[in-house]
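Trainee: sequence first, predicted model second:
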Amino acid sequence: MTVQVEAEQGSDWKRFMRKRWTMVAAFAVAIILVIIGAIYVFWWFTGIAQTTGLVPTSLGLWSMGNIVVFILHLILWELVFIGIPAIVVAVIGWQWWKRLPEEEKKAYHLFGRGSRSRNAGGAVSPLLFIAFAIKVYVDGNWDVAIATYSLNYVVGSMITILVWIAVIFGIPATIAAIWWLHHEMSKKP
């Protein structure tokens, strides 16, 4: 019985692709074009940023200010050339999906009960970078070349950031734990 259910679920994608192969092919081509376009825009902007003097050509001369400005400008250009057209294509795809008959959408079970917890944690690295950028700015090293940072400065900054994280998240967690313990202890058996 389990094998039959798995076989039916496995064939949902095959049935969907056979019946709607033109749209599947169109969206596959769109995804490939978005990926190629994003890489091309990154390559184009890197050359433009060096030519216009937005960032130094030697990575050893980059400062934290150069990194932040480069990332912000890159995000802007990626949004303009890739993000907005991708959003338009996604809206077209959503409108197409909404126009499919309800029975057909339910029969395919294409988007089942997937766990999103396996994708969690992707925000930690950008938050640590932002915290490091704030630390560098506070220390007055914003326009200092990163190649001149000593190992002691970087390690000390990371320890300071960990202390910030412990204070920002640790104090509320401690208060919540004390409240929960108090609440649990005050319950009558």
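Mentor: Alright, I've got the coordinates.
Trainee: now the chain, which segments are flagged as low pLDDT?
Mentor: Applying pLDDT under 70 to the chain flags the ranges 1-14, 107-121, 189.
Trainee: state the distance from Gly53 to Val69.
Mentor: Relative to Val69, Gly53 is positioned 11 Å away (Cβ to Cβ, to the nearest Å). The C-beta positions use only the backbone N, C-alpha and C, and glycine is treated the same way.
Trainee: who's more crowded, the two?
Mentor: Val69 (14 against 8; other Cβ atoms under 10 Å).
Trainee: so that one makes contact with Leu54?
Mentor: Yes - under the criterion of Cβ atoms under 8 Å, Val69 makes contact with Leu54 at 6.5 Å.
Trainee: outline the domain layout of this structure.
Mentor: Domain segmentation of the chain under automatic domain parsing yields 1-112, 122-189.
Trainee: so how far is the last one off the chain centroid?
Mentor: Centroid separation between domain 122-189 and its chain, computed with Cα atoms, centre = their mean, to the nearest Å, is 20 Å.
Trainee: over to the first one?
Mentor: Averaging C-alpha positions (Cα atoms, centre = their mean) puts domain 1-112 12 Å from its chain's average.
Trainee: give the burial count for Val136, as a bare number.
Mentor: Val136: 23 surrounding residues under other Cβ under 10 Å.
Trainee: same question for Lys98.
Mentor: With other Cβ under 10 Å as criterion, Lys98 counts 9.
Trainee: distance of it from Ala26?
Mentor: Applying Cβ to Cβ, the value for Lys98 to Ala26 is 17 Å.
Trainee: what's the helix or strand harbouring Phe132 packed up against?
Mentor: Per DSSP states H and E, Phe132 falls inside helix 124-139. Counting contacts by 3 or more Cβ pairs under 8 Å, 6 or more residues apart in numbering; DSSP states H and E, helix 124-139 is packed against helix 64-78, helix 151-186.
Trainee: packing partners of the helix or strand that comes right after the first one?
Mentor: Elements were assigned by DSSP H and E; along the chain past helix 64-78, the next helix or strand is helix 84-99. For helix 84-99, the packing partners by 3+ Cβ pairs under 8 Å, 6+ apart come out as helix 21-51.
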